[in-house]
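*Asks:* model this:
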Amino acid sequence: MKKTLIFAAALLACACSTDKYTIQGNIEGAEGYLYLSNGETVIDSTAVKEGAFRFEGKATTPQALYLTDNRDLAQATFLAPLFIEPGDIRLCGTPEAPFFTGTPANDGYATYTGRQRALLDEYRNPATADERRAAIEQEYDALNRECFAANGDNLFGAVLLNDMQYDLTGAELLEKIAAFPQPLQQAEMLVKLHEQALKKSKTDPGQPYINIIQCNPEREIVSLSSVLERPEVSYVLVDFWASWCGPCMGEVPYLKQAYAAYHDRGFEIYGVSFDNNEQKWLDAIRDNGMNWVHVSDLNGFDNPAARDYAVQGIPSNFLLDKKGTILATNLRGEALAEKLAELFDGPAAAATEAPAEAKGE
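*Replies:* Model (predicted):
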């Protein structure tokens, strides 16, 4: 009976230790203390002895943290991101390019950053041919998707999914979140992403629009519903932008091209600006010849429409039909003209050529 109790106690001890982690390594020249921080709060600290350090604890829920030599990250001379999860985590690399290995999320991140750095170095090499640079750009764009597929069971996969959310519908996000192991779905990052995905799913293609009521440059209220109700309007692009947003201004030539081609046939743009400077907003509209409907509450991202449409970044847009049903989202570049050609002229219509202004000619 005594042996049975001892054996049971040993099993219990093993079961309880499965959430333990250690972090150790050596940082040449490091003195004093090192800290684990989430960017705002110090989670743990440890003394450094001749450059060597060690942390240990329990990772009941995986976390993305920083190892740093200063409580204030802005004052740190050493800063390395890592993932806290069960296992033995070791610091590798150099003080200038540190990384961690030993657990799935840290191994995945190390692989990702290594491939990312190699692609960037090759791209910046003056000896790299233009054809190869074009291929590198495609490889770089595909890197997040490839690494996400390989890390769908750890917190680094959640980080990648968070970065990918702009290109996914709310329903797609919810599906990918549900594929993570159930305990990992309780991690703060995935909990917040799940909340965002639920909001975003309300503005997926097929969903009804949410009305926007804000003022135009003349300080008159112009609602989205009033634009949809105009008899001459068949389709409305709700475009979220700001004068200070470089990528937004890069989309203007494509918007102007689509507006010139289809406005007389029933296409309208309802631009919602996240500017907070009225004069810069007005100057951007005038100087760029953006001759469509514009509204703003001049409160930046603190805009009710941003919350209603779950806008996480700009430029962002939603194409509505006459009934206010969302047909498509985030039609960037030539994709907008191609979609309008399909709607107005049928699926066989050829895509409109990109405007010379957008090509940099």
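*Asks:* low-confidence ranges in the stretch 251-361 of the chain?
*Replies:* 348-361 (pLDDT under 70).
*Asks:* who's in contact with Ala305?
*Replies:* Ala305 makes contact with Ile210, Ile212, Gln214, Phe240, Val272, Val311, according to Cβ atoms under 8 Å, 6 or more residues apart in numbering. Glycine gets a C-beta too; all of them are placed from N, C-alpha and C.
*Asks:* can we see that at 6 Å?
*Replies:* Applying Cβ atoms under 6 Å, 6 or more residues apart in numbering, we find Ala305 in contact with Ile212, Val272.
*Asks:* any idea how far Leu224 is from the closest residue to Val252 other than its chain neighbours?
*Replies:* Nearest-residue entry for Val252: Asn288, 5.2 Å, with adjacent residues in sequence omitted and distances by Cβ to Cβ, 6 or more residues apart in numbering. To Leu224, Asn288 is 22 Å away according to Cβ to Cβ, to the nearest Å.
*Asks:* right, and Ile326 touches Gln207 too?
*Replies:* Yes - taking Cβ atoms under 6 Å as the definition, Ile326 is a contact partner of Gln207 at 5.2 Å.
*Asks:* These two - which one has more neighbours?
*Replies:* Ile326 (20 against 17; other Cβ atoms under 10 Å).
*Asks:* Could you report the pLDDT at Lys2?
*Replies:* pLDDT for Lys2: 40.
*Asks:* Could you tell me how many residues sit around Pro304?
*Replies:* 13.
*Asks:* Phi first, then psi, for it.
*Replies:* Backbone geometry at Pro304, expressed as degrees, to the nearest 10, gives phi -60, psi -30.
*Asks:* What segments of the stretch 151-300 of the chain are helices?
*Replies:* Ranges of helices in the stretch 151-300 of the chain, per DSSP state H, counting those that start in this stretch, are 155-164, 170-178, 188-201, 224-228, 246-262, 278-287.
*Asks:* that older thread, phi, psi of the residue nearest to Val252?
*Replies:* Main-chain dihedrals, Asn288, degrees, to the nearest 10: phi -100, psi 0.
*Asks:* Give me the neighbour count for it.
*Replies:* Neighbour count of Asn288, defined by other Cβ under 10 Å: 14.
*Asks:* switch to numbering from 34
*Replies:* Done: numbering now begins at 34, and the last item shifts to Asn321.
*Asks:* Phe307 versus that one, what's the distance?
*Replies:* From Asn321 to Phe307 the distance is 16 Å (Cβ to Cβ).
*Asks:* Over to Pro380?
*Replies:* Using Cβ to Cβ, Pro380 is found at 34 Å from Phe307.
*Asks:* what does Lys372 give?
*Replies:* As defined by Cβ to Cβ, Lys372 lies at a distance of 24 Å from Phe307.
*Asks:* one step back: so which of Pro380 and Phe307 has more stuff around it?
*Replies:* Phe307 (25 against 7).
*Asks:* Leaving out sequence neighbours, find the closest residue to the more buried one.
*Replies:* Nearest to Phe307 is Ala275, by Cβ to Cβ, 6+ apart, at 4.3 Å.
*Asks:* Look up how far Gln240 lies from that neighbour.
*Replies:* To Gln240, Ala275 is 25 Å away according to Cβ to Cβ.
*Asks:* Over to Tyr292?
*Replies:* Look at Tyr292 and Gln240: by Cβ to Cβ, they are 25 Å apart.
*Asks:* contact partners of stretch 86-104?
*Replies:* 52-57, 67-71, 75, 77, 79, 109-119, 188, 219-220.
*Asks:* sorry, back to before: tell me the confidence at the residue nearest to Phe307?
*Replies:* On pLDDT, Ala275 comes in at 97.
*Asks:* What of the one 4 residues further on?
*Replies:* At Gly279, the predicted lDDT confidence score is 96.
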